[in-house]
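Trainee: sequence unavailable; structure follows:
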């Protein structure tokens, strides 16, 4: 498995002197696309009704659960990033921590998989899920992840989304009610002005 992982990485990783335009596209995908996730969750919460907010809350919990699972996996099994073992070419700075699974893709796919479980958000979930593919390519191309890190992220994201969806009524409902109550107090001036929804 590790030999296949390294072979796929070397196939995707950028050459020593990549085309400047392709490098810029990869860096944009690797660094900035992830910010779409919090933007969608915050806008959905501020502009949606309580039904939409509940789905945003569940998706955010799915993302956090996935990231927590990644931390636990990293503590149990340290897998070096390519640049830590002198493999391939690296074009963005990254901390020398465990590579498996990818946090970027776990967060992106955990939220998108959570959206996919709700018919109303399915189109957005599909768009985010597809958007994850070029992000995965970019982070391998730039030398900070292996292909297996992306496969691991997909598995962790699917598990966290499924777990949060199943726990929706029993565990999430009380936390959601508290979150809405705090939001309505904290954002009362903006709600009164009609800038955000009640």
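Mentor: Cool, got the structure. Quantities reported herein were computed from a predicted structural model and do not represent experimental measurements.
Trainee: could I get the pLDDT score of residue 166?
Mentor: In this model, residue 166 is scored at 86, pLDDT.
Trainee: scratch that, residue 142 is what I was asking about
Mentor: Looking at residue 142, its pLDDT stands at 97.
Trainee: that one and residue 57: what is the separation?
Mentor: For residue 142, the distance to residue 57 equals 33 Å [CB to CB, to the nearest Å]. All C-beta atoms are positioned from the backbone trio N, CA, C, and that covers glycine.
Trainee: for these two, indicate the residue with more neighbours.
Mentor: residue 142 (26 against 23; other CB atoms under 10 Å).
Trainee: give the contact list for that one.
Mentor: With contacts defined as CB atoms under 8 Å, 6 or more residues apart in numbering, residue 142 is in contact with 14, 26, 27, 30, 90, 91, 92.
Trainee: contacting residues for the second one?
Mentor: So that's residue 26. 14, 18, 91, 137, 138, 141, 142.
Trainee: which one is the most centrally placed residue in the chain nearest to, not counting chain neighbours?
Mentor: What sits nearest the mean C-alpha location of the chain, by CA atoms, centre = their mean, is residue 107, with 1.9 Å. Nearest residue to residue 107, sequence neighbours excluded (CB to CB, 6 or more residues apart in numbering): residue 63, at 4.7 Å.
Trainee: hmm, that neighbour is touching residue 111, no?
Mentor: Yes: contact criterion CB atoms under 8 Å: residue 63 and residue 111 qualify, at 4.9 Å.
Trainee: more crowded one of the two?
Mentor: residue 111 (32 against 26).
Trainee: which of the helices or strands spans that one?
Mentor: helix 103-116 (DSSP states H and E).
Trainee: now that helix: mean pLDDT?
Mentor: pLDDT averaged over helix 103-116 gives 97.
Trainee: for the chain, what are the low-confidence residue spans?
Mentor: 169 (pLDDT under 70).
Trainee: pull the longest helix from it.
Mentor: Counting residues, the longest helix found in the chain (DSSP state H) is helix 50-76.
Trainee: and the angle for it with helix 103-116?
Mentor: Counting by axes from the mean of the first three to the mean of the last three CA atoms, to 10 degrees, helix 50-76 points 150 degrees away from the direction of helix 103-116.
Trainee: tell me the buried residues in the helix holding residue 111?
Mentor: 103-116 (16 or more other CB atoms under 10 Å).
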